[in-house]
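K.L.:
got a structure for you, letters missing:
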(Lines give C-alpha, C1' and ligand atoms only; values in the text may rest on other atoms or scores of the structure.)
Protein backbone atom coordinates (compact mmCIF):
# COMPACT_ATOMS: atom_id res chain seq x y z
CA UNK A 1 0.00 0.00 0.00
CA UNK A 2 1.14 3.51 -0.81
CA UNK A 3 2.07 5.69 2.19
CA UNK A 4 0.21 8.98 2.58
CA UNK A 5 1.94 11.94 0.91
CA UNK A 6 0.96 14.42 3.65
CA UNK A 7 4.02 15.20 5.78
CA UNK A 8 3.80 13.53 9.19
CA UNK A 9 0.70 11.48 8.42
CA UNK A 10 1.22 7.80 9.28
CA UNK A 11 -1.66 6.63 7.07
CA UNK A 12 -1.74 4.84 3.75
CA UNK A 13 -3.99 5.06 0.71
CA UNK A 14 -6.84 2.64 0.10
CA UNK A 15 -9.01 2.40 -3.01
CA UNK A 16 -12.46 3.78 -2.33
CA UNK A 17 -15.38 5.25 -4.26
CA UNK A 18 -16.03 8.86 -3.25
CA UNK A 19 -18.61 11.55 -3.88
CA UNK A 20 -16.97 14.41 -5.80
CA UNK A 21 -18.45 17.92 -5.67
CA UNK A 22 -17.76 20.49 -8.40
CA UNK A 23 -18.84 24.12 -8.69
CA UNK A 24 -19.16 24.71 -12.43
CA UNK A 25 -20.08 28.31 -13.28
CA UNK A 26 -22.00 28.66 -10.00
CA UNK A 27 -23.84 25.35 -10.44
CA UNK A 28 -23.12 22.64 -7.87
CA UNK A 29 -22.61 19.23 -9.49
CA UNK A 30 -22.33 16.12 -7.31
CA UNK A 31 -20.80 13.01 -8.87
CA UNK A 32 -21.13 9.73 -6.97
CA UNK A 33 -18.98 6.60 -7.19
CA UNK A 34 -15.76 8.28 -8.31
CA UNK A 35 -12.81 5.88 -7.90
CA UNK A 36 -10.07 7.37 -5.73
CA UNK A 37 -7.32 6.56 -3.27
CA UNK A 38 -8.09 7.89 0.22
CA UNK A 39 -5.73 8.08 3.23
CA UNK A 40 -6.93 5.93 6.12
CA UNK A 41 -5.86 8.57 8.67
CA UNK A 42 -6.17 12.12 7.30
CA UNK A 43 -8.56 11.56 4.39
CA UNK A 44 -6.24 13.00 1.74
CA UNK A 45 -7.69 12.01 -1.63
CA UNK A 46 -5.90 11.19 -4.87
CA UNK A 47 -7.47 10.82 -8.31
CA UNK A 48 -5.66 9.16 -11.20
CA UNK A 49 -5.11 11.05 -14.43
CA UNK A 50 -7.59 8.74 -16.17
CA UNK A 51 -10.28 9.56 -13.59
CA UNK A 52 -9.61 13.30 -13.90
CA UNK A 53 -9.89 13.07 -17.69
CA UNK A 54 -13.13 11.09 -17.40
CA UNK A 55 -14.55 13.72 -15.00
CA UNK A 56 -13.57 16.55 -17.37
CA UNK A 57 -15.22 14.76 -20.30
CA UNK A 58 -18.35 14.11 -18.24
CA UNK A 59 -18.54 17.72 -17.01
CA UNK A 60 -18.35 19.05 -20.58
CA UNK A 61 -21.84 17.60 -21.12
CA UNK A 62 -23.27 16.09 -17.91
CA UNK A 63 -26.82 15.65 -19.21
CA UNK A 64 -29.77 15.41 -16.84
CA UNK A 65 -29.05 14.60 -13.16
CA UNK A 66 -30.18 11.21 -11.84
CA UNK A 67 -31.03 12.70 -8.41
CA UNK A 68 -31.50 16.10 -6.79
CA UNK A 69 -30.50 17.45 -3.39
CA UNK A 70 -31.30 20.61 -1.44
CA UNK A 71 -28.44 23.07 -1.00
CA UNK A 72 -28.25 25.29 2.06
CA UNK A 73 -26.08 28.27 2.94
CA UNK A 74 -24.43 28.78 6.31
CA UNK A 75 -26.31 31.38 8.38
CA UNK A 76 -24.60 34.77 8.78
CA UNK A 77 -22.48 35.42 11.88
CA UNK A 78 -25.30 37.39 13.47
CA UNK A 79 -27.66 34.41 13.19
CA UNK A 80 -25.08 31.93 14.50
CA UNK A 81 -24.31 33.98 17.66
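P.N.:
Thanks, I have it. Given the structure is predicted, the values throughout are model-derived calculations rather than measurements. Residues are numbered from 1 along each chain as shown.
K.L.:
Can you tell me the centre-most residue of the chain?
P.N.:
Closest residue to the average C-alpha location of the chain: residue 20 at 2.9 Å, with CA atoms, centre = their mean.
K.L.:
Just checking: what are the partner strands of the helix or strand hosting that one?
P.N.:
Using DSSP states H and E, residue 20 maps to strand 13-24. Using DSSP bridges, the strands paired with strand 13-24 are strand 27-39 (antiparallel).
K.L.:
Can you list the helices and strands that the next helix or strand after the strand it pairs with packs against?
P.N.:
Using DSSP H and E, the next helix or strand after strand 27-39 towards the C-terminus is strand 45-46. Using 3 or more CB pairs under 8 Å, 6 or more residues apart in numbering; DSSP states H and E, the elements in contact with strand 45-46 are strand 27-39. Every residue, glycine included, has its C-beta placed from N, CA and C.
K.L.:
Just the buried residues of the strand it packs on, please?
P.N.:
Neighbour-count burial for strand 27-39 flags 31, 34, 36-39 (criterion: 16 or more other CB atoms under 10 Å).
K.L.:
Give me the contacts around that strand.
P.N.:
Contact with strand 27-39 is made by 2, 4, 6, 9, 11-23, 44-48, 51, 55, 58-59, 62, 69, 71, as judged by CB atoms under 8 Å, 6 or more residues apart in numbering.
K.L.:
still on that earlier bit, what's opposite the residue nearest to the centre of the chain in the beta bridge?
P.N.:
Applying DSSP bridges, one finds that residue 20 bridges with residue 31.
K.L.:
Tell me where the longest helix sits in the protein.
P.N.:
helix 49-60 (DSSP state H).
K.L.:
just to revisit the earlier point, so the strand holding residue 20 versus helix 49-60, what angle?
P.N.:
20 degrees (axes from the mean of the first three to the mean of the last three CA atoms, to 10 degrees).
K.L.:
buried residues in strand 13-24?
P.N.:
In strand 13-24, counting by 16+ other CB under 10 Å, buried: 13, 18, 20.
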